[in-house]
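Peer 1: here's my sequence, what's the structure:
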Amino acid sequence: MDKIIQLDKVSKIYGTSVKTQVLFDIDLSFDAQSFNAIIGQSGSGKSTLMNIMGTLDRPTSGDVTINGTRTDGMKTNELAALRNQTIGFIFQFHYLLPEFTALENVLMPAVIKYNKPSAETVRRAHELMELVGLEKVKNNLSSKMSGGQQQRTAIARALIMNPQIILADEPTGNLDSDTTQTVYGMMRQINDLYRTTFIIITHDRKIAEMTDRIVEIKDGRINLDVTRSTT
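Peer 2: Residues are numbered from 1 along each chain as shown. This is a model prediction of the structure:
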């Protein structure tokens, strides 16, 4: 299967006079259409790794290839275009705009890119709202929705540009156990339906164990890499 993300000897050092190395020569790749978890304690480097995979940050050394494209020589605007076309982000804090409805929040990435979304994009937004179970409240202000509804809206927003990759950083960290199961089930459904690659960054081993592959980061290095049989 094609590798949709590949990291070769990726290291990250912060600081100039006082240097702190967060990642050490990471070799890691993910298959297209796979469903994965990256786990690690706070400070392990997993969020830095996610930012580099999502092209939100650059490695100090090493190569990052996204969907066959090397990113090290790309300019800032080129990286922004790559993210917009290829990667969707789901964060622990949903970052919805409170003055807009749920549907308007879902459409926001398309508004940013095209100014006025096409009729096809609007139809897709409605379909996504139905997929995440929010069709009846799509016109509610996001600030008037429950935490679970807000996170489901964020999932739909991450999908509006039909990305090949979803990077989810602690996507259920603020949710109760029942809502966590619901959100996880939706991510699985999206993976099955759209064949979207999921990489879920979490400290919750119970969530990680429901994915098909677990990569554990410890002290900036890969400590564990286990693929679960799906047969």
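
Peer 1: excluding chain neighbours, what is closest to the most centrally placed residue in the chain?
Peer 2: For the chain, the residue nearest the mean C-alpha position is L167 (1.4 Å; Cα atoms, centre = their mean). Spatial nearest neighbour of L167, chain neighbours left out: G54 (5.0 Å); criterion: Cβ to Cβ, 6 or more residues apart in numbering. (C-beta placed from N, C-alpha, C; glycine too.)

Peer 1: now the one you found: phi and psi?
Peer 2: Main-chain torsions, G54, degrees, to the nearest 10: phi -90, psi 10.

Peer 1: pLDDT score for it?
Peer 2: pLDDT recorded at G54 is 94.

Peer 1: for it, grab the count of nearby residues.
Peer 2: By the measure other Cβ atoms under 10 Å, the count of residues near G54 is 22.

Peer 1: gap between it and L128?
Peer 2: 21 Å (Cβ to Cβ, to the nearest Å).

Peer 1: likewise G15?
Peer 2: 41 Å.

Peer 1: comparing those two, which residue is more hemmed in?
Peer 2: Comparing G15 with L128 by other Cβ under 10 Å, the one with more neighbours is L128, at 24 against 8.

Peer 1: what sits against that one?
Peer 2: 106, 156, 159-160 (Cβ atoms under 8 Å, 6 or more residues apart in numbering).

Peer 1: that's a helix at it, yeah?
Peer 2: Yes: assessed with DSSP: H, G, I helix; E, B strand; the rest coil, L128 lies in a helix.

Peer 1: beta partners for R70?
Peer 2: According to DSSP bridges, the partner residues bridging R70 are T65.

Peer 1: related to what we said a few turns ago, the residue nearest to the centre of the chain against M50, yeah?
Peer 2: Yes: using Cβ atoms under 8 Å, L167 is in contact with M50, at 5.6 Å.

Peer 1: overlap in contacts of the two?
Peer 2: By Cβ under 8 Å, 6+ apart, the residues touching both L167 and M50 are 199, 201.

Peer 1: and stretch 12-24, end to end?
Peer 2: 7 Å (Cα to Cα, to the nearest Å).

Peer 1: now it, how far from the centre of its chain.
Peer 2: 25 Å (Cα atoms, centre = their mean, to the nearest Å).

Peer 1: stretch 132-140 now?
Peer 2: Per Cα atoms, centre = their mean, the centroid offset for stretch 132-140 relative to its chain is 22 Å.

Peer 1: nearest to D192 among the contacts of L128?
Peer 2: L159 (13.5 Å; Cβ to Cβ).

Peer 1: and the strands in this structure?
Peer 2: Under the criterion DSSP state E, the chain contains strands at 3-14, 20-31, 35-39, 61-66, 69-70, 87-91, 165-169, 197-202, 213-218, 221-227.

Peer 1: could you export those as CSV, including distance to S146 and mean pLDDT?
Peer 2: Below are the strands of the chain laid out as CSV (distance: least, Cβ to Cβ, whole Å; pLDDT from 0 to 100):
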stretch, distance to S146, mean pLDDT
strand 3-14, 33, 96
strand 20-31, 32, 96
strand 35-39, 25, 95
strand 61-66, 34, 96
strand 69-70, 39, 92
strand 87-91, 17, 88
strand 165-169, 19, 93
strand 197-202, 21, 93
strand 213-218, 30, 95
strand 221-227, 35, 94
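
Peer 1: what bridges to the residue nearest to the centre of the chain?
Peer 2: F89, I199.

Peer 1: show me the contacts for it.
Peer 2: With Cβ under 8 Å, 6+ apart, L167 has these contacts: 50, 53-54, 87-90, 199, 201.
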